[in-house]
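Chemist: Generate coordinates for the sequence data below:
(one chain, ligands or ions: 1)
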Amino acid sequence: MITVHHLNNSRSQRILWLLEELGLPYEIVFYQRDAVTNLAPPELKAIHPLGKSPVITDDGVTVAESGAIVEYLLRTHGQGRLMPKEDSEDYVRYLQWLHFAEGSAMLPMLLALYVGRLGDAGAPLHPRIFGEIANHLSYMNDEVEKGGYLMGDDLSGADIMNSFVLEAAKARGLLADYPNLLDLVERLQARPAYRRALERGGPYAFA
Ligand SMILES: N[C@@H](CCC(=O)N[C@@H](CS)C(=O)NCC(=O)O)C(=O)O
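Modeler: Next up is the predicted model:
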């Protein structure tokens, strides 16, 4: 049985969504962020040393890091769904998008969050940070223009991985100049599997 260690208002929501898209049975262990610090509770460290979410366990295998979890679930249980064939050219592009979310796009988003807490002291860093956010979002916006999803005409694990980037950007009012991304995030959030994942995962501030 797959178990998702799920933190409220977090990246683990996209793992619940992936599991719903695949129609796989799973259970959820719920964790609540600290009301003051917003950090995960220490119990998560018993599952994985980083103490972050998502983490899944599946018959004795523990997987942390969303991109690795998406890849593991699709390869192990996906039966070819939501990813291109591994010997295709598209597979390389798909790998790039899987890693892009956490390896590239989230960095300037997180910098904006943390540097924002410095108030005026952080202002000299804003042009570089928001320039990089625009760099990443405009690249995504141009790619989505081609077929409606990051990989063209069909939903893939790449869209599920990058959904958190889009949701976090939208919550900060950063998608206004990117109509393809606004449209994409609305279509993703309207999917029945996305809605089912919300029902199972509980309140999610980015939906
Ligand atoms: N790159 C990691 C990031 C994991 C991560 O930072 N998760 C956040 C939730 S969105 C977390 O657990 N934060 C609570 C904490 O750091 O205490 C992934 O995608 O899995």
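Chemist: give the contact list for Asp87.
Modeler: For Asp87, no residue meets the contact criterion (Cβ atoms under 8 Å, 6 or more residues apart in numbering). For the C-beta atoms, the positions are set from N, CA and C on the backbone; glycine is no exception.
Chemist: show me what contacts Gly78?
Modeler: Shown in contact with Gly78 (Cβ under 8 Å, 6+ apart): Leu22.
Chemist: Sorry, wrong one. I was asking about Gly51.
Modeler: Applying Cβ under 8 Å, 6+ apart to Gly51 gives the contacts 40, 42, 44-45.
Chemist: residues near the closest residue in space to it that isn't next to it in sequence, how many?
Modeler: Leaving aside its chain neighbours, Gly51 sits nearest to Lys45 (3.9 Å; criterion: Cβ to Cβ, 6 or more residues apart in numbering). For Lys45, the neighbour count with other Cβ atoms under 10 Å is 12.
Chemist: what's the longest helix out of those in the chain in contact with?
Modeler: Longest helix in the chain, counting residues (DSSP state H): helix 126-147. Contact partners of helix 126-147, identified using Cβ under 8 Å, 6+ apart, comprise 100, 104-105, 107-109, 111-112, 115, 150, 152-154, 162, 165-166, 169, 174-175, 177-181, 183-184.
Chemist: Repeat the analysis, applying 7 Å as the threshold.
Modeler: Helix 126-147 has contacts (Cβ atoms under 7 Å, 6 or more residues apart in numbering) with 104-105, 108-109, 111-112, 115, 150, 152-153, 162, 169, 174, 178, 180-181, 184.
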